[in-house]
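**Student:** the following block contains a protein sequence and its predicted model.
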Amino acid sequence: MRLLEVRRQFFASSYRAVVVDDLPILAHPQEASIVEAASGRGGSRKPELIVKRQAKGEEQGLFDEVVIWFQNSIAALGRVTVRTTLAEQASELFYNYSNAGPNPPVGLEWCSPINNPWVFCNVTTGDIIPDVVTYHNETPDISDLEVPSTICITNDANALCPDATFSMLHAIGGAAILHKAPNGNIYAFDEPADRYNLSSFALQSSRLFSGKAPFVIGGSQGRLLHGYNDTLDSHGVSRIRLSRPSIMPNSSIPVTLVPMANPNDGPSIMVAMDTSANVYYLITCTMANSYAKVFLAKSMVDGPLALMDPELMPTVTGGEVTSCRVVPYTNGDKPA
């Protein structure tokens, strides 16, 4: 499918995108809430819509459309080529990855316990201070809504939750877990029990990605995964981010994470794929002033080197990079 058509459908369908993991609790699975629709691209307002937890078999709009695109793409994917690349460059894979996260800025400290991974606490007063790097929020705040204490992760037809799969992605052999931040970036860090309140909704929600097996295509509040075609063409690397369909950047390309066979016979390894069956590898870079950030690269060899280039700070990395590695992540799914 041509990128122009993909983008047209993004905008045409965005008002039907379903909020999957940040919906407030509904008294009954069929109970609905009326929400105000966003303005269309031409300034006209789309009609008001009903957002609700969907029962199995109900239309999911954009979510299902994106899944179909990637189903078509994986049918054209040279799986043998991907497996061969992973096998030939297996020495580039960095297993057992762990990352404790950044040191808090001067005057701040880790809150105890941490309920929200995107905040620090004032050393003197104990006041909660949002992290200026990760807490910039492009989506509505959900702190005042009643939210579930646990997330429904099932495809059971009788379950009172959307017919979708939720994935937690973790480093193979390591302690690092991928988290989606309010600013749209994806970060990797450990969750030691003596630092984090592992039952907090903010932490549970930030580590959950949504999709339909074997595809992981988005996260919370209807946001979808995407990379950037311009920097992939010019430098072979790109940010991987989550954005709402209605504000996808002009240079963006939708991507999915899909499990591929591990050359070392371990758990499946997640790689990224676009709607043209191009494959990209996940590169994790340790940053000087934030959590380790995840990027896309065409090459497992050239990608980490490119991301270390200070000239890419304004357009790709967004900060000082101290090291980059090809970290294999898995969600436990069998290879596609």
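**Tutor:** Received, thanks.
**Student:** residue ranges of the strands in the stretch 51-200 of the chain, please?
**Tutor:** 108-109, 119-122, 128-130, 165-167, 170-171, 177-180, 186-189 (DSSP state E, counting those that start in this stretch).
**Student:** out of these, name the one with the poorest average pLDDT.
**Tutor:** Note on those: strand 165-167 shows the lowest mean pLDDT, a mean of 68.
**Student:** got the strands of the stretch 51-200 of the chain as a markdown table, with distance to Phe70 and mean neighbour count columns?
**Tutor:** No exception for glycine: its C-beta is placed from N, CA and C like everyone else's. Supplementary listing: the strands of the stretch 51-200 of the chain in a markdown table, determined by distance: least, CB to CB, whole Å; neighbours: other CB atoms under 10 Å:
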| stretch | distance to Phe70 | mean neighbour count |
| --- | --- | --- |
| strand 108-109 | 41 | 16 |
| strand 119-122 | 34 | 18 |
| strand 128-130 | 34 | 15 |
| strand 165-167 | 13 | 21 |
| strand 170-171 | 22 | 22 |
| strand 177-180 | 19 | 24 |
| strand 186-189 | 18 | 24 |
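**Student:** mind checking which of those strands is nearest Asp333?
**Tutor:** strand 165-167 (7.4 Å; CB to CB).
**Student:** show me where the chain has helices.
**Tutor:** With DSSP state H as the criterion, the chain has helices at 3-13, 62-76, 79-88, 201-206, 229-235, 302-307.
**Student:** report the mean confidence score over the third one.
**Tutor:** Mean pLDDT, computed over helix 79-88, is 90.
**Student:** then it to CSV, C-alphas only?
**Tutor:** In CSV, the C-alpha atoms belonging to helix 79-88 read as follows (Å, rounded to 0.1, in the frame of the first residue of the first chain):
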residue,chain,number,x,y,z
ARG,A,79,11.4,-14.3,6.7
VAL,A,80,14.4,-16.4,5.6
THR,A,81,16.3,-13.3,4.9
VAL,A,82,15.5,-11.8,8.3
ARG,A,83,16.5,-15.1,10.1
THR,A,84,19.7,-15.2,8.0
THR,A,85,20.6,-11.6,9.0
LEU,A,86,20.0,-12.3,12.7
ALA,A,87,22.1,-15.4,12.4
GLU,A,88,25.0,-13.8,10.5
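**Student:** and that helix, what does it pack onto?
**Tutor:** On a contact count with 3 or more CB pairs under 8 Å, 6 or more residues apart in numbering; DSSP states H and E, helix 79-88 meets strand 252-260.
**Student:** who's in contact with Leu108?
**Tutor:** Neighbouring residues of Leu108 by CB atoms under 8 Å, 6 or more residues apart in numbering: Phe120, Cys121, Asn122, Val123, Ile129.
**Student:** and with 6 Å instead?
**Tutor:** Leu108 sits next to Phe120, Ile129 when contact means CB atoms under 6 Å, 6 or more residues apart in numbering.
**Student:** bridging residues for it?
**Tutor:** Asn122 (DSSP bridges).
**Student:** could you check how far it is from Pro130?
**Tutor:** 11 Å (CB to CB, to the nearest Å).
**Student:** ok, now Ala213?
**Tutor:** With CB to CB as the criterion, Ala213 and Pro130 are 34 Å apart.
**Student:** ok, now Ala87?
**Tutor:** Distance of Ala87 to Pro130, given as CB to CB: 44 Å.
**Student:** where does the chain dip in pLDDT?
**Tutor:** Low-confidence segments of the chain (pLDDT under 70): 1-64, 135-166, 220-222, 246.
**Student:** residue farthest from the centroid of it?
**Tutor:** Relative to the C-alpha centroid of the chain, counting by CA atoms, centre = their mean, Thr124 is the outermost residue, at 34.5 Å.
**Student:** leaving out sequence neighbours, find the closest residue to that residue.
**Tutor:** Residue nearest to Thr124 in three dimensions, not counting chain neighbours: Gly107, with 7.7 Å by CB to CB, 6 or more residues apart in numbering.
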